[in-house]
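Colleague: A structural model of the following input is requested.
(one chain, ligands or ions: 1)
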Amino acid sequence: MPGVVLGPARYGKAENRVVRVVREGRTHHIKDLNVSIALEGDLEETHTLGRNDKVLPTDTTKNTVYAFAREHGIASAEGFALLLARHFVAGRESIHRARVRIEEYGWDRIEVPAAGTDGTADDASAPGTGKPDPPRHSFVRSGRETRIAQVTVEAGSCEVLAGLTGLTVLNTTASEFHGFAEDRYTTLEETSDRILATEVTALWRYADHLSGADSGPVPDGDPTPDWDARWTAARDHLLTAFALTHSLSLQQTLYEMGGRVVRRVPGVAEIRLSLPNRHHVPVDLTPFGLENDREVHIAADRPYGLIEATVLREGATARIPPDLTNAL
Ligand SMILES: O=c1[nH]c(=O)c2[nH]c(=O)[nH]c2[nH]1
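Modeller: Residues are numbered from 1 along each chain as shown. You can find the predicted model right below:
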């Protein structure tokens, strides 16, 4: 096509929903994932000439997700993403880069009291035994929180990002906001005691699985990291920092949260946080002759302040895309 060239292109199958059951006798476990594959490489003639010889069908990438879930199991979202991304790049010369993004939805086991312990006769029993034996195959979705893993593999490098979205937190005190800049449109009153609430979206990058200036050769850290332990530690540190910080602004709280993860979770070089400030405004009850000393609030869902920043290990390079909410 005269005067026209192909820019960056990628393709794959997005949002493959896979639920994997593991059975240990009567005790079952599940992993519930949403897996998106994006491949890049030698796609010029595919677009310009309609040649498909280098196009591994998106349908095949979908099938690979399900086959790998069966063959390899899903130990962790990060591990499964690594397996898939490496497979697509290793298996085909024309594919130079594979990005696998996984959202994981959490399920908690429904803990049922043993039969007979709550005074009713109709509880579950193991068949044939008549003995109390609560089910080990029942689950309840654990809130709106979603775990994220995103792995990008290309020749000689491998980037592992992990994170979460939908982690909603609130402090009823230990939050102040004053001393801010003012102009003729400023009406906000200073406060030394307010509710601080936000819904955390966080994405952090492990440097020990990446070749790059801030990480050394691949891998310079633990060759088989315990991704689950690291993810759980990062989540715990985000919550601990939110709870422990006496906040002078959500910006300062963000820095404390990110800094704690970078300093304490093995391998983390960088974390990006997106924190909507979910304003809780004390209601004026004086028309009803009532005092309201920060007891009754309107929880305003819109508009919200949007506080976003990356916190880095000293010397590391910022690589996580700034616009997390669109990137995810
Ligand atoms: O923690 C805050 N940071 C701000 O930048 C800001 N702006 C605002 O109106 N309220 C707040 N709160």
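Colleague: Which elements pack onto the worst-scoring helix or strand of the chain on mean pLDDT?
Modeller: Across the helices and strands of the chain, mean confidence by mean pLDDT, DSSP states H and E is lowest for helix 324-327: a mean of 77. When contacts are defined as 3 or more CB pairs under 8 Å, 6 or more residues apart in numbering; DSSP states H and E, helix 324-327 packs onto strand 196-206, strand 268-277. For the C-beta atoms, the positions are set from N, CA and C on the backbone; glycine is no exception.
Colleague: make it 10 Å
Modeller: Counting contacts by 3 or more CB pairs under 10 Å, 6 or more residues apart in numbering; DSSP states H and E, helix 324-327 packs against strand 139-154, strand 157-171, strand 196-206, strand 268-277, strand 305-312.
Colleague: Going by neighbour count, which residues of that helix are buried?
Modeller: Neighbour counts using 16 or more other CB atoms under 10 Å place 324, 327 of helix 324-327 among the buried residues.
Colleague: Quick one: distance of that helix to the chain centre.
Modeller: Taking CA atoms, centre = their mean, to the nearest Å, one finds helix 324-327 lying 11 Å from the centre of the chain it belongs to.
Colleague: and what of stretch 194-214?
Modeller: That offset, for stretch 194-214, works out to 9 Å (CA atoms, centre = their mean).
Colleague: next one: stretch 160-168
Modeller: The chain centroid and the centroid of stretch 160-168 are separated by 2 Å under CA atoms, centre = their mean.
Colleague: change the start of the numbering to 498 and stick with it
Modeller: Taking 498 as the first residue, the last one we looked at is stretch 657-665.
Colleague: quick one, what contacts Val552?
Modeller: 508, 536, 540, 542-543, 591-592 (CB atoms under 10 Å, 6 or more residues apart in numbering).
Colleague: try 6 Å
Modeller: Contacts for Val552 (CB atoms under 6 Å, 6 or more residues apart in numbering) come out as Thr543.
Colleague: per-residue confidence for it?
Modeller: The per-residue pLDDT reported for Val552 equals 97.
Colleague: What's the separation between it and Arg589?
Modeller: Separation of Val552 from Arg589 (CB to CB, to the nearest Å): 10 Å.
Colleague: any chance of the helices and strands packed on helix 821-824 in TSV, with mean neighbour count too?
Modeller: Shown next, in TSV, are those (neighbours: other CB atoms under 10 Å):
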stretch	mean neighbour count
strand 636-651	18
strand 654-668	19
strand 693-703	24
strand 765-774	24
strand 802-809	17
